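Participant: Got a predicted structure plus its sequence, pasted below:
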Amino acid sequence: MEVTFYIASAVAVYATIMVITRHNLIHALLYLVLSFMAVAVVFYILGAPFIAALEVIMYAGAIVVLIIFVIMMLNLKAEAVEQERKWLSRGIFIGPAVLSLILLVELLYVVTASGVSSSGYPMVDAKAVGMSLYGPYVIGVELSGILLMSGIVGAYHLGRQKKKIVHRFLEKAEE
Amino acid sequence: MILLWFIIILFVGGILAWIAEYWNASISRWISMLALIINFCLASYLLAAQNEIAILSESSWLLYYRIPWIPSFGISFYLALDGLSLVMLILTFFLGILAVLTSWKELQYKIGFFHFNLLWVLAGITGVFLTMDLFLFYFFWEVMLIPMYLLIGIWGHENRRYAAFKFFIFTQASGLLMFVAILGLYFVHGNLTGEYTFDYFKLLGTTFSPEVGRWLMLGFLAAFIVKLPVVPFHSWLPDAHAEAPTAGSVILAGLLLKTGAYGLLRFVVPLFPDAAHEIAPWAMLLGVIGILYGALLAFSQTDLKRLVAYTSVSHMGFVMLGVFAFNELAVQGVVMQMITHGISTGALFIIAGFIYERIHTRDIDQMGGFWKQMPFMGTIALIFAMASLGLPGLGNFVAEFLTLVGAWKASHTLTIFATLGLVAATVYSLRFLQSVFNGAEMTHVTLPDLSLREKLMVVPMVIFIVWLGLFPQPVLNTVKRSVERVISAQTKVDDIREDLRPGIAQKGGEDE
Amino acid sequence: MDDVPIESGLVLASILFILGMIGVLTRRNIIFMLISVEIMLNAAGLAFIVAGAKWAQADGQVMFIFILTMAAAEVSVGLALILQIYHQLKTLDSDAASKMNG
Amino acid sequence: MMDLLWLVPALPFLGALVLILFGTRISRTMVAVIGVGSVGLAALITILVGTTFISSSESSFNLLLWSWIDVAGFSPSFALHLDPLSLIFIFVITFVGFLIHVYSTAFMAGDEGFSRFFAYLNLFVCSMLFLVLADNLLLLYLGWEGVGLCSFLLIGFWYEDKNNGDAARKAFIVTRVGDTAMAIGLFMLFDAFGTLAIPEILAQAPQVWTVGSQTAVIIALLLLGGAVGKSAQLPLQTWLPDAMAGPSPVSALIHAATMVTAGVYLIARMHVMFELAPLAQQCVAIIGAVTLLLAGFSALTQYDLKRVLAYSTISQIGYMFLALGVGAWSAAVFHFMIHAFFKALLFLGAGAVILLLHHEHDMFKMGGLRKKLPAVYWTFLIGAASLAAIPFITAGFYSKDNILWLTFASEKGNVWFFLAALFGAFITSAYTFRMVFVTFFGEAKSTVTHRAGNLMTVPLVVLAILSLVGGFIELPHTIGHLELLSDLLSPVLPSVILRPGIASAEWAIQSISIILSLSGVYLAYYFYLKKPALPGKIKSSFAGIHHIWFTGWGFDVLYQTIFIRPFVWLSTMYKGDPVDKCYTGIVLLTDFMHRVFAKTQGGILRWYIMGLVIGAIFILTLGLLL
């Protein structure tokens, strides 16, 4: 089981690295699916099968599909890849890399130094999750609902092609 | 009730004047004129009848009017009139009439709104001079500010926005400090007696620890010395005066500055006698610095209105010197100074306005030899230049001499320096007079001498200033009891001090 | 259910989070930035799950569901924005959309 | 009859008021009638009041007009106080003033500011009368400043010329410096006595202070400051020569006869103060002695006819101060009166000459006017003789001789004062006759088209007569011994105390002074008529001294350097208001900060995230460290 965890972890990390370094969006998305899948495995190992399923359905499924739709709508061509390569110069990595390294070291230190260790995770199944969702967290569920609705409304509103009006507004703003 | 009418007439008059512009701009002029004349007549009636009224109410307060406003916070709509307020009211309405007259032709646009602002400023000033509730006082203090800001910002000269903002920021910042001090006073008094009130008379006897008293007084002082203004807080004044339209300058110099002096007399000294006593030497020093600094700067200005503005700084130094000298002579001098300076500087601004109307510049270097074409205006300018340098026979002399005689008792050195200010005043007044009216004629345009309307404005001012110079006693009598009240607040402190440590107090009285 | 140390799970979450952050910081393409944000959210969710597993409580998973919900809403609105930006500016460069500077 | 006293200042005031209000609308004749008539009536009333007063036995007469100010014990009122001292002054002011007004109607006939001139002149007479009639020092101060104002207005009467304006301004400001000292003196007096009423102060002063008390000395010195400014004495004498820019009648009335002697009046009026302060009185004497010499030397070198007279005025007032300083109060008043006559005469004569020569001031461009202007010549000669103290026949002899003798003989006098006065007398006659010889003798250098009219001649003649006979009211012991004036003044001014056993030397002193004044005349004759080339040579060989004398001992340059330049420099430097700059600094700082922080709102999303990350690192580090 331990080995499975580490393998899945390694896959997740590798896939994520590939995601953030790809020039081609579709390639990146495929790696992203891979990364999510690997994390789903980890979830399963950690005793959360319901969440693992959700991870696959929502992240690897719905969200990635959504992004693919958008990419298709944007109709990006080969030059987009070229441009992406240009944008992603080596120099641009240095600053973030240093910062990230510092942050990573700090996080690792915090995590390992806390001295928590355990073995064998009990299964927390969907029922338990459902019980607590509609028990103590019912307010959170309601709020999530509202959030999702506003997300839908917002996406619809923003996604409309009201080119002319916005254009005039921008022109005005540029004066 | 008559006190309330003073304010209502101005507020309503202002709104009517604004509305009237919709039909005809000149109606709004007449409306504001009428409102001010009614008020002036009412105030004059009170002045004439003050003795009868005073006997009726058996106190130094002639009239009062009080209704609760926000009772849960101890705020009431409380107006009261004594000699000092009465004299200041007369000055307010007199200069108000002049301000309307001076803008008769000068203004070309948004006339109704202009008169609205003008009347509301005057209403604010009237309120400040009348109110005996500190919350209401702050309210009127703000009412004064915003229309004035608009007057400068909308109808001013080239650099008006800068001047208006500067004026607003200075007065507002200091006004907020005062508001904090008012609240502080409110809570200190409330904690002490259990009665939370903004009533001036109830707050009068409040005792503080010296530390608290000092800070609260500084809060009040901040608002008043910025308004007065005292160097180094004067820097808004030259800009505001120079950029404001003539009517605005007249009101600024003639009345708004006086609210600062009034505040010192009415609030700072009676409410915080101890703290005021402590700060007196410094305050007097600031006054003297103001006198000399203003005079020095007035001499070098090339902008006519800025020159006059700096003379105001100089003259207001006398107020500061006199208020903190704490004796009847000096304080009477201060009251006279408030009136005479209002008239004389107002007149100088009006003359500057006349000249601006004719040659469209305020630059002294482009003036000269105007006497030839405008001897009448020259004579008027001569009289007011002499007034501002303190020529005996004109009102300002009485004011300055009383102030200095009083201040002499408080501090010899400072008085000597203040007296040197008279020489400096001579220097700048003569420069003003000579470079504008004497010398070879510099412009080759025809300059019409004063028209009837213009004469109607300046002639009463001349009469007033001469009358105040030769027969100041009626005014002095009117304010006598108010002044005595200010002094008694201070002498009480002196008595207490003397009781506590007689030896030291006596010694302190003798040196300097 | 052998002894996978709790630290390992947290370390994995940290690494993923940092990688996502690197992505946000380095990429200029808005879609990539959005993907990176998803990675970060996912990493945060992972941390919750690990913690929930440690204490054998459902709360961690509940939180993950909330995060998921939020991520979904965010992606939908974010993608709509991307569409608009692309229509307006004809580019996916996030720097080009800096009209809102002070 | 005495109650009419208020009319004396009121009439000229009314005249001024009418002329200011309606001057431009009425005819010139009317203007002249009002201007001259008001002063003439005032003079008439003065004589009436004066005779009544002298014939009555009272020593003074008070007339309260109205209460001026009454605050906390400070209660000066508009009240007139008539005593022999003020009587003499108002007589001189109204009478000489009247003559000068008459003269002015001719002198100013062609001027466009005719009514303005008379308005100012009337206002001046009114102020001057208030000055000398004042019952309290504040009213005196009113008159004091009023005459200063009128002096300013009249010096700058021809306002289109900037130089006139500058001269007027200089006069006002310099005298104002003295006035300020005096104002401080008034504060101290009020502080000490609680009143400014002159009689009360004079009565109380000896009881409050002992002789030489420090406060008394300071007050006396401050009053002296005022006197020095008004009377153009050292060190505030510089304004008077420049003041000659005004019309000649103005110079005659204000800068010779009346206003400049206000200082003399003040000191005489407050003589009790000065007696209580011997140091201050000694200062008066020293100032007088030094001034009379310095001004005399300057007068010797001037070209401008009126400037000679101006320096001569300074010098003669120096004599009065010297007399006051040695305690010869009535001698000073006597010399004031005589000086008013002959100096007014000289100025009017000079004015006539200048007018008839089309505003030519340089006397070396005149010459030979004796034949062409006989009336002016004879009257001018009489005035000059009186100024030079030609013995026995002129009034100036008696008044100056009186001072010379008392300088020597008085208890407070000494030999040095005497020598200074004596040498001054010599210089006086020298420069006076230099002026006469250069102007009226020798070759004619200019053309004269017409002669002075009656309106000009009559005042000249009247003044000439007074310059001759005016002296006979006070004759020295050696000649006749008549003391009309001193007797009149005796209730007000104490008589001089002589040093013991000295009275017999009077005739010797007199003869020395006679010899010196005559030799001064001869000196002028020798240099300017007999050997006209000689002065030029001397002048070129002593050019340095000549320049110093000519420029009035360089006081102007000195004041320019130590007062005016620094003031102007300071003022120009401060023009932009440095305090304002501080506030501008605050504004600039705010603006700068705004710019800096605005940079962070660049709209580049990645920078925002970077900021987030840095914040996270910061907080984590803090958590780790603490």
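Facilitator: Cool, got the structure. Given the structure is predicted, the values throughout are model-derived calculations rather than measurements. Numbering: from 1, shown residues only, chains lettered A, B, ... in the order given.
Participant: quick one: terminal-to-terminal distance for stretch B:383-395?
Facilitator: Criterion CA to CA, to the nearest Å; first-to-last residue distance in stretch B:383-395 is 11 Å.
Participant: now could you export just the CA positions of the one helix or strand residue D:131 maps to as CSV?
Facilitator: In the assignment (DSSP states H and E), residue D:131 maps to helix D:114-133. Extracted in CSV, the C-alpha atoms of helix D:114-133 (Å, rounded to 0.1, in the frame of the first residue of the first chain):
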residue,chain,number,x,y,z
PHE,D,114,-5.4,123.6,-6.5
SER,D,115,-8.3,122.5,-4.3
ARG,D,116,-6.5,119.4,-3.2
PHE,D,117,-3.6,121.6,-2.1
PHE,D,118,-5.8,123.7,0.1
ALA,D,119,-7.6,120.7,1.4
TYR,D,120,-4.3,119.2,2.6
LEU,D,121,-3.0,122.5,3.9
ASN,D,122,-6.2,123.1,5.9
LEU,D,123,-6.1,119.6,7.2
PHE,D,124,-2.5,120.1,8.2
VAL,D,125,-3.4,123.3,10.1
CYS,D,126,-6.2,121.5,11.9
SER,D,127,-3.9,118.6,12.9
MET,D,128,-1.2,120.9,14.0
LEU,D,129,-3.7,122.8,16.2
PHE,D,130,-4.8,119.6,17.8
LEU,D,131,-1.2,118.7,18.4
VAL,D,132,-0.5,121.8,20.4
LEU,D,133,-3.9,122.2,22.0
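Participant: which helices and strands sit right next to it?
Facilitator: The helices and strands touching helix D:114-133, judged by 3 or more CB pairs under 8 Å, 6 or more residues apart in numbering or on different chains; DSSP states H and E, are helix D:7-22, helix D:28-55, strand D:77-82, helix D:84-107, helix D:137-155, helix D:262-269. C-betas here are computed from N, CA, C, even on glycine.
Participant: Quick check: residue D:285 touching residue D:410?
Facilitator: No. Residue D:285 is beyond contact range of residue D:410, at 9.6 Å (criterion: CB atoms under 8 Å).
Participant: joint contacts of these two?
Facilitator: Residues touching both residue D:285 and residue D:410 (CB atoms under 8 Å, 6 or more residues apart in numbering or on different chains) are residue D:326.
Participant: Now render the helices and strands packed on helix D:114-133 as a markdown table, adding mean pLDDT and distance to chain B.
Facilitator: Below are the helices and strands packed on helix D:114-133 laid out as a markdown table (pLDDT from 0 to 100; distance: least, CB to the nearest CB, whole Å):
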| stretch | mean pLDDT | distance to chain B |
| --- | --- | --- |
| helix D:7-22 | 87 | 7 |
| helix D:28-55 | 87 | 15 |
| strand D:77-82 | 86 | 8 |
| helix D:84-107 | 87 | 18 |
| helix D:137-155 | 89 | 4 |
| helix D:262-269 | 88 | 14 |
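Participant: quick one: contacts for the residue lying closest to residue B:234 once chain neighbours are set aside?
Facilitator: The shortest distance from residue B:234 to any non-neighbouring residue, by CB to CB, 6 or more residues apart in numbering or on different chains, is to residue B:313 (4.8 Å). Contact analysis of residue B:313 by CB under 8 Å, 6+ apart lists B:229, B:231, B:234, B:237-238, B:290, B:293-294, B:297-298.
Participant: Secondary structure element for residue B:313, which one?
Facilitator: Here residue B:313, judged by DSSP H and E, is contained in helix B:304-323.
Participant: Convert the C-alpha atoms of that helix to PDB, please.
Facilitator: Provided in PDB are the C-alpha atoms of helix B:304-323 (Å, rounded to 0.1, in the frame of the first residue of the first chain):
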ATOM      1  CA  LEU B 304      -2.500  93.500  -5.000                       C
ATOM      2  CA  LYS B 305      -4.800  91.100  -3.300                       C
ATOM      3  CA  ARG B 306      -2.000  89.000  -1.900                       C
ATOM      4  CA  LEU B 307      -0.600  92.200  -0.500                       C
ATOM      5  CA  VAL B 308      -3.800  93.000   1.300                       C
ATOM      6  CA  ALA B 309      -4.000  89.400   2.400                       C
ATOM      7  CA  TYR B 310      -0.700  89.600   4.100                       C
ATOM      8  CA  THR B 311      -1.700  92.800   5.800                       C
ATOM      9  CA  SER B 312      -4.500  90.800   7.300                       C
ATOM     10  CA  VAL B 313      -2.000  88.300   8.700                       C
ATOM     11  CA  SER B 314      -0.200  91.200  10.200                       C
ATOM     12  CA  HIS B 315      -3.300  92.800  11.700                       C
ATOM     13  CA  MET B 316      -4.600  89.500  13.100                       C
ATOM     14  CA  GLY B 317      -1.300  89.200  15.000                       C
ATOM     15  CA  PHE B 318      -2.600  92.100  17.200                       C
ATOM     16  CA  VAL B 319      -5.700  90.000  18.000                       C
ATOM     17  CA  MET B 320      -3.600  87.100  19.200                       C
ATOM     18  CA  LEU B 321      -1.400  89.500  21.200                       C
ATOM     19  CA  GLY B 322      -4.400  91.200  22.700                       C
ATOM     20  CA  VAL B 323      -6.500  88.100  23.600                       C
END
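Participant: Give me the next element, helix or strand, following that helix.
Facilitator: Remark: after helix B:304-323, the chain's next helix or strand is helix B:328-359, criterion DSSP H and E.
Participant: how big is the angle separating that next one from helix B:304-323?
Facilitator: 170 degrees (axes from the mean of the first three to the mean of the last three CA atoms, to 10 degrees).
Participant: is the lengthiest helix in chain C up against chain A anywhere?
Facilitator: Longest helix in chain C by number of residues (criterion: DSSP state H): helix C:59-89. Yes. Helix C:59-89 reaches chain A (CB under 8 Å from any CB of the partner chain) through C:59-62, C:64-66, C:68-77, C:79-84, C:86-88.
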